[in-house]
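Student: Would you be able to build a 3D model of this:
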Amino acid sequence: MRSRRAAPVALWLFALAGLVSLVALAGWTLHTRHEARREAASEAQRSASRVIQSVARDQESLIESAHKLLVGLAQRPEVQTHDAPRCNLLFAGILRRFPEYLDVVAIEPSGRIFCTGRWPEDAASFVEPDDVRRSMESGNATLGQYTIHHVSHRATISLAAPSVDDTGAVRAVVVVALDLRYLNRTLVETPLGGASLAVVDRHGMILTVHPEPERWVGKMLADPIKNVILAQGEGATEGLGLDGYPCIFVFGPLLRIAERVGDATVIVALPQKTVFLQADRLFRGHLVGLGIVALLLLITVGIGIDLRAGWPAHVRTRAPRRSRAGDLGTGIGLMGGHGAPSRSAATPEGLGTKLEEQQEDVKIPQEGLEREKAGIPVATSSSLAPVVATPPPSGPHAARDPEEYWGLKEPPFENSPNPKFLYLSPEHEEGLTRMAYAVKRRKGAAMLTGEYGCGKTTIVRTLLRRLEPERYEVGLLVNPWWNATDFLRELLFQMGLDAQETSKFDLIHTLNDLFYKNYRAGLENVIIVDEAQLIQDDSIFEELRLLLNFQLDERFLVTLLLIGSPELRDKIRRLPHLDQRITIRYHLNRFDYEHTARYIAHRLRMAGQSRCLFTDEAMKLIFALTRGIPREINNLCDLSLFIGCSRGLLEIDREVIQQVKSDATSSPLRVVRPHYWPPEQTQVEG
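Tutor: Next up, the predicted model:
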């Protein structure tokens, strides 16, 4: 009687323990979510702070460059003699070369404007009389206030410097107006996943914003956010962004001059949905796991209750007594149809016969299993449908092509540089990151080397996909068998200009004009030379070095990427003038075994097959035969899939790899598989 009561109690204790565990797991999940969101917010704020500091540095650099320009212009005779026609031409040329300036204006000491580079009728809008006066009195450059130009609708800040002759008299004041949209480039080059950047003045008016400047420039921030930002000056807060979505705002001063700190503030708005995306995704995964655990617990308890309620009373109480009484029929199932002992089981002879029958019943299924493993059809009882173990189809008619046979959407091991199939091993990811950094940060020259077939060209093609065509003008040179003149002509052609010039001098001038034209249009010039180790003429390397001389005071106009095999490093070392110009280098090595296996699985997955078709032993042999070189891995795996298809295999094992390698080293013929192979055709290439 005690056992009958203890069973349901134990069952409910088990349910209670499971419920307590679920509550504890739920609490842990909520705590984990809170910590994950807190860490995500901290990381986002650190990234935004770096962007703000970079914007402030860009503003300082822009002001410093403008100051140097003003010092030079103030000494020009066109300015000191008030020669308006020549001065206008000079200023217009400067604006064409430097798009970060809205206008350059020259003013007589009396206040009359006699020279401007862009808008003669609106030049006065860039000039603050107080700034001009202070500049004349101090003899130094004077920084004005942030305003919005009413013609271009762009935010600007002016810098004024006096033009002093040899006698010390002020002949003129030169004013340059800086375009604050130039500061948006920092956010564009450092994407933060949907973030926006804005600069506001000391009153909370938006001076510039990215994206959608035409929509928001000149408008005021909402009061709650404006009051916090203007009161604190630097820090972080939460609120609704310009588009009405919850954001994390990180802000700091644009000018780091002590007396000008509050003039303008840089704000980076990070959408909370983006910041907490990974944390919320992890939380949802935990919730799904908790739901599954709870469901399993309910099912377990329900089954226990159902079984307990469904046991008949005589089974729970009388069966143990009968067993103790020596009723062997109860223990070994020798009862008749209604629970009485059968006549054959009543005697020792009958009992032995019954045991032999049971052993035969057990033996028959075991023999059937062995026959099924051997692929022999097995007949079952009439109460079940016949089951026959059928081997997979074999021969050339098994499937129309290997992709169909293996469940692939496309060939997974083609040796074309398809960015879709790029496997980002740690080394490949580092190489791609360094090349992208060299381009986006305009580092001048970078070099990527690696053994033949290691994926250099695929990295280049992936990089090209990531470069926005509206920002980058790219010249990709892939056949470097030229002389110096042909090289320049090919470079112009790859950058979209079919040059008619024949002399090297004219080609260089055309190239110079193209680089400056792209710069004024907001385009970055990028030149990529693939297979650069094939360059035989050192004069080509000298031309590449001279390309890096196309630069402004503060930046390169051209970014050069050299891609090649290890021989390229040796060639560059012999040319110290070019070697010193290469600021970023990286070398790709072969895969180890771990990344060889991951590479194969990755390419199969990209082709539509989530199951790895190669055994572990096959993977090890592939690595040993290919030495971890991706191109050789592709060749071996592609032919292995073809052999496995023709033989009707379920997976590629070590034997198939050995056969492919043996055929490659001993057979004078090579089987070539076209993209579509009809069942009745086989192409053999002699």
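
Student: and residue 470, how many residues sit next to it?
Tutor: Residue 470 is flanked by 8 other residues according to other CB atoms under 10 Å. In short, each C-beta sits where N, CA and C put it, glycine included.

Student: For it, report the pLDDT, please.
Tutor: On pLDDT, residue 470 comes in at 85.

Student: Tell me how far it lies from residue 518.
Tutor: Per CB to CB, to the nearest Å, residue 470 is found 12 Å from residue 518.

Student: before we move on, what about residue 641?
Tutor: Separation of residue 641 from residue 518 (CB to CB): 46 Å.

Student: buried sites along stretch 77-84?
Tutor: Buried positions in stretch 77-84, judged by neighbour count with 16 or more other CB atoms under 10 Å: 78, 79, 80, 83.

Student: Among the residues you listed, which one lies nearest to residue 231?
Tutor: residue 79 (43.9 Å; CB to CB).

Student: so the closest one is in which element?
Tutor: helix 77-80 (DSSP states H and E).

Student: Output the contacting helices and strands for that helix.
Tutor: helix 84-97, strand 170-179 (3 or more CB pairs under 8 Å, 6 or more residues apart in numbering; DSSP states H and E).

Student: The shortest one - contacts with which helices or strands?
Tutor: Taking 3+ CB pairs under 8 Å, 6+ apart as contact, the helices and strands that strand 170-179 lies on are helix 2-74, helix 77-80, strand 101-107, helix 129-138, strand 155-164.

Student: Highest mean neighbour count out of these?
Tutor: strand 101-107 (a mean of 26; mean count of other CB atoms under 10 Å).

Student: Show me what that strand is packed up against.
Tutor: helix 2-74, helix 84-97, strand 113-116, strand 170-179.

Student: Using TSV, please lay out those together with distance to residue 573 and mean pLDDT.
Tutor: Putting the helices and strands packed on strand 101-107 into TSV (distance: least, CB to CB, whole Å; pLDDT from 0 to 100) gives the following:
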stretch	distance to residue 573	mean pLDDT
helix 2-74	34	78
helix 84-97	36	84
strand 113-116	52	84
strand 170-179	43	86
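
Student: Using a markdown table, lay out the ones you listed together with distance to residue 486.
Tutor: Below are the helices and strands packed on strand 101-107 laid out as a markdown table (distance: least, CB to CB, whole Å):
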| stretch | distance to residue 486 |
| --- | --- |
| helix 2-74 | 37 |
| helix 84-97 | 30 |
| strand 113-116 | 45 |
| strand 170-179 | 40 |
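
Student: which one of these lies closest to residue 601?
Tutor: helix 2-74 (28.8 Å).

Student: count of neighbours near residue 459?
Tutor: Neighbours of residue 459 (other CB under 10 Å): 26.

Student: ok, now which ones touch the closest residue to it other than its chain neighbours?
Tutor: Once flanking residues are discounted, residue 459 sits nearest to residue 432: 5.1 Å by CB to CB, 6 or more residues apart in numbering. By CB atoms under 8 Å, 6 or more residues apart in numbering, the contact set of residue 432 is 424, 459, 462, 463.

Student: most surrounded residue in those?
Tutor: Neighbour counts for the contacts of residue 432, by other CB under 10 Å, peak at residue 459, which reaches 26 neighbours.

Student: so where's the stretch 301-450 of the chain uncertain?
Tutor: 306-400 (pLDDT under 70).

Student: please redo it, this time with the cut-off set to 50
Tutor: 313-399 (pLDDT under 50).

Student: Residue 30 is in contact with residue 287, correct?
Tutor: No - applying CB atoms under 8 Å, one finds residue 287 not in contact with residue 30, separated by 10.1 Å.

Student: Quickly list what residue 173 is bridged to.
Tutor: residue 107, residue 162 (DSSP bridges).

Student: number of nearby residues for it?
Tutor: 25.

Student: List the buried residues of the helix or strand hosting residue 298.
Tutor: Using DSSP H and E, residue 298 sits within helix 277-310. For helix 277-310, burial by neighbour count (16+ other CB under 10 Å) applies to 279, 280, 282, 283, 286, 294, 297, 301, 304.

Student: which helices and strands sit right next to it?
Tutor: Partner elements for helix 277-310 (3+ CB pairs under 8 Å, 6+ apart): helix 2-74.

Student: which is the next helix or strand following the helix or strand where residue 433 lies?
Tutor: Assigned by DSSP H and E, residue 433 belongs to helix 426-440. Sequence order places strand 445-450 as the next helix or strand after helix 426-440, per DSSP H and E.

Student: Does residue 412 touch residue 601 like I think?
Tutor: No - between residue 412 and residue 601 there is no contact, the gap being 10.1 Å when judged by CB under 8 Å.

Student: so residue 459 sits right up against residue 428, yeah?
Tutor: Yes - between residue 459 and residue 428 there is a contact at 6.4 Å, judged by CB under 8 Å.

Student: Between these two, which contacts overlap?
Tutor: 422, 588.

Student: ok now do the closest residue to residue 272 other than its chain neighbours, which residues does it touch?
Tutor: Closest residue in space to residue 272, ignoring its immediate chain neighbours: residue 246 at 4.5 Å, by CB to CB, 6+ apart. Neighbouring residues of residue 246 by CB under 8 Å, 6+ apart: 238, 239, 240, 271, 272, 273.

Student: Name whatever forms a beta bridge with residue 246.
Tutor: residue 240.

Student: Against residue 243, how distant is the residue nearest to residue 245 when sequence neighbours are not counted?
Tutor: Excluding its sequence neighbours, the residue lying closest to residue 245 (CB to CB, 6+ apart) is residue 271, at 5.7 Å. Going from residue 271 to residue 243 by CB to CB gives 9 Å.

Student: With residue 109 instead?
Tutor: 49 Å.

Student: neighbour-wise, which of those two wins?
Tutor: residue 109 (15 against 12).

Student: Now that one: which helix or strand?
Tutor: Under the criterion of DSSP H and E, residue 109 resides outside all helices and strands.

Student: Grab the nearest non-local neighbour of it.
Tutor: residue 170 is the one closest to residue 109 (CB to CB, 6+ apart), at 5.6 Å.

Student: how deep is that neighbour tucked in, by neighbour count?
Tutor: 16.

Student: Check whether it really touches residue 162, as I assumed.
Tutor: Yes - between residue 170 and residue 162 there is a contact under CB under 8 Å: 4.9 Å.

Student: list the residues that contact both of these two?
Tutor: 136, 139.

Student: Kindly state the domain boundaries assigned to the protein.
Tutor: 26-290, 402-415+593-685, 426-588 (automatic domain parsing).

Student: Quick one, which of the ones you listed gets closest to residue 15.
Tutor: Closest among the domains of the chain, using CB to CB: domain 26-290, at 16.2 Å.

Student: and among the helices and strands packed on helix 77-80, the most buried is which?
Tutor: When the helices and strands packed on helix 77-80 are compared using mean count of other CB under 10 Å, strand 170-179 is most buried, at a mean of 24.

Student: Could I get the CA-only coordinates of that strand as CSV?
Tutor: Extracted C-alpha coordinates of strand 170-179, given in CSV (Å, rounded to 0.1, in the frame of the first residue of the first chain):
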residue,chain,number,x,y,z
VAL,A,170,47.4,95.2,-44.2
ARG,A,171,46.6,95.1,-48.0
ALA,A,172,43.6,92.7,-47.8
VAL,A,173,41.9,90.0,-45.8
VAL,A,174,41.4,86.6,-47.4
VAL,A,175,38.4,84.5,-46.2
VAL,A,176,37.8,80.8,-46.9
ALA,A,177,34.5,79.1,-46.1
LEU,A,178,34.7,75.4,-45.1
ASP,A,179,32.0,72.9,-46.2
